[in-house]
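J.: Based on what follows, work out the 3D shape:
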Amino acid sequence: MATVQLKIVNWPDDLALGLNEITEDPQLHSYFSDMHEGVINLSFEQDASRFGPFGGYRLSKSGQESVLVTYATRSDAFRAIGALMQVENIEFLYDGDDGEAPVFNTRGIMIDVSRNAVLRTKMVAWVLRRVALAGINFVMLYTEDTYEVDGHPFFGYMRGKYTVAELRELDNIAH
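T.: The predicted model follows:
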């Protein structure tokens, strides 16, 4: 199945960092090239008042090759991008409007990094980009003793451990 190419025509401030991470990801970059036929121009508008208590997104045709993504939260906007990355052409918007409304406020996963060796921060960042496209808004790392504790050198011994700086970096990426 050939997918469409997405071109983001406006980068809202609240999405800019995450959009940059996703569009620059070598494995996701091909979805965002505007060099092919079937380009969908994406515009974004945040309007939480259009959705229920748990947010959501709407995709609205705004021209022959353009889609307006109206979203309640950042995770809803990224879920909309993830949904668009799966379509073949803009014709999936038959009536000009489509979307999702989650039934839970928190949509998350827990990654077990306490068994064997810990995931490197680069790999956790890779996972964060992909789960964002699924609408995940909460990620927990199950760490047991795989983090740095001053004065306790055996925390993470022989398995690896996250430093305070690495955990802070992952928190910044996730936000």
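J.: CA atoms for contacts and neighbours, from now on please.
T.: Noted.
J.: Helices along the chain, start to end?
T.: Counting by DSSP state H, the chain has helices at residues 16-24, 74-84, 121-132, 164-174.
J.: Columns mean pLDDT, mean neighbour count and distance to residue 138 on top of those helices, output as TSV?
T.: Listed next are these as TSV, based on pLDDT from 0 to 100; neighbours: other CA atoms under 10 Å; distance: least, CA to CA, whole Å:
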stretch	mean pLDDT	mean neighbour count	distance to residue 138
helix 16-24	87	16	15
helix 74-84	92	23	9
helix 121-132	91	16	9
helix 164-174	90	13	9
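J.: what about stretch 120-139, how long is it end to end?
T.: 16 Å (CA to CA, to the nearest Å).
J.: err, stretch 77-97, not the other one
T.: This stretch, stretch 77-97, spans 15 Å end to end (CA to CA).
J.: So which residue is smack in the middle of the protein?
T.: residue 132 (2.2 Å; CA atoms, centre = their mean).
J.: From the rest of the structure, what touches the helix or strand of the chain with the lowest mean pLDDT?
T.: Scoring the helices and strands of the chain by mean pLDDT, DSSP states H and E places strand 97-100 at the bottom, with a mean of 81. Applying CA atoms under 8 Å, 6 or more residues apart in numbering, the external contacts of strand 97-100 come out as 56, 57, 58, 59, 60, 61, 80.
J.: Check those and tell me the two furthest apart.
T.: Among these, the pair separated by the greatest distance (CA to CA) is 56 and 61, at 17.0 Å.
J.: Give me the more crowded residue out of these two.
T.: Using other CA atoms under 10 Å as the criterion, residue 56 and residue 61 rank with residue 56 on top: 27 against 21.
J.: for the longest strand along the chain, packing partners?
T.: Looking across the chain with DSSP state E, the single longest strand is strand 39-46. The elements that strand 39-46 packs onto, with contact taken as 3 or more CA pairs under 8 Å, 6 or more residues apart in numbering; DSSP states H and E, are strand 5-8, strand 66-71.
J.: For that strand, which strands pair with it and how are they oriented?
T.: strand 5-8 (parallel), strand 66-71 (parallel) (DSSP bridges).
J.: Comparing those, which comes out most buried?
T.: strand 66-71 (a mean of 23; mean count of other CA atoms under 10 Å).
J.: Give me the below-cutoff pLDDT ranges for this protein.
T.: 1-3, 33-38, 88-90, 92-96 (pLDDT under 70).
J.: redo that, cut-off 50
T.: 1 (pLDDT under 50).
J.: and the residue lying farthest from the centre of it, what is it in contact with?
T.: Using CA atoms, centre = their mean, the residue of the chain lying farthest from its centre is residue 151. It sits 36.7 Å away. Residues near residue 151 by CA under 8 Å, 6+ apart: none.
J.: any idea how far it lies from residue 163?
T.: 13 Å.
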